[in-house]
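Peer 1: here's my sequence, what's the structure:
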Amino acid sequence: INGLVMSDFVVIPVRPTRISLSGLPRTFETIDYAQTRTGDGRPAVLGLIRNATDRRYQQYKANFPEIEAASLSRELPPVFDNLWPPSPAMESATDASRVCETLKDRFGKSYDHARKVARELERRCADFDIADVQSPRRSIWERLGLV
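Peer 2: Next comes the predicted model:
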């Protein structure tokens, strides 16, 4: 909670699995609680990042279209255009024991994905308008079968 209260923005990584998506209502409850502590709408949710996601996988096809539709209808925050793909290089990128001279060495074939996500994050922070924010209502979680 303290980390959220000290933050201006939050990005929520989600995997396109039922178990990951089932955690969204509680995640938003926690963010809402932090926002009541700050009293000024912070931290604002910049969006959802698809994590360990491949659009060709069945889990994605079965579970994520409803999330994307709810995002497009503004019932949920926006889904980032770019995603973190499933990749061993991505999973080990934060391993402090690995010696890497460049970020490209660290992220391997996933470097381009990481760069695109970072650029999109930077753009979303710069373009953010608090007037666009609204918290998801309980009805969206019920409609998506997540409560």
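
Peer 1: the strands in the chain, which residues?
Peer 2: Here the chain has its strands, by DSSP state E, at 9-14, 44-50.

Peer 1: buried deepest among those, which one?
Peer 2: Across the strands of the chain, averaging neighbours per residue (mean count of other CB atoms under 10 Å) puts strand 44-50 on top, at a mean of 21. C-beta: built from backbone N, CA, C; applies to glycine.

Peer 1: that one: how far from the chain's middle?
Peer 2: 4 Å (CA atoms, centre = their mean, to the nearest Å).

Peer 1: now for the protein, the helix or strand with the poorest mean pLDDT.
Peer 2: Ranked by mean pLDDT, DSSP states H and E, the weakest helix or strand in the chain is helix 88-92, scoring a mean of 69.

Peer 1: ok, which of the strands of the chain comes nearest Gln35?
Peer 2: Nearest to Gln35 among the strands of the chain is strand 44-50 (8.4 Å), distances taken as CB to CB.

Peer 1: how far off strand 9-14 does that closest one point, in degrees?
Peer 2: Angle of strand 44-50 versus strand 9-14, following axes from the mean of the first three to the mean of the last three CA atoms, to 10 degrees, is 20 degrees.

Peer 1: longest helix in the chain, by residue count?
Peer 2: When the chain is parsed with DSSP state H, its longest helix is helix 111-127.
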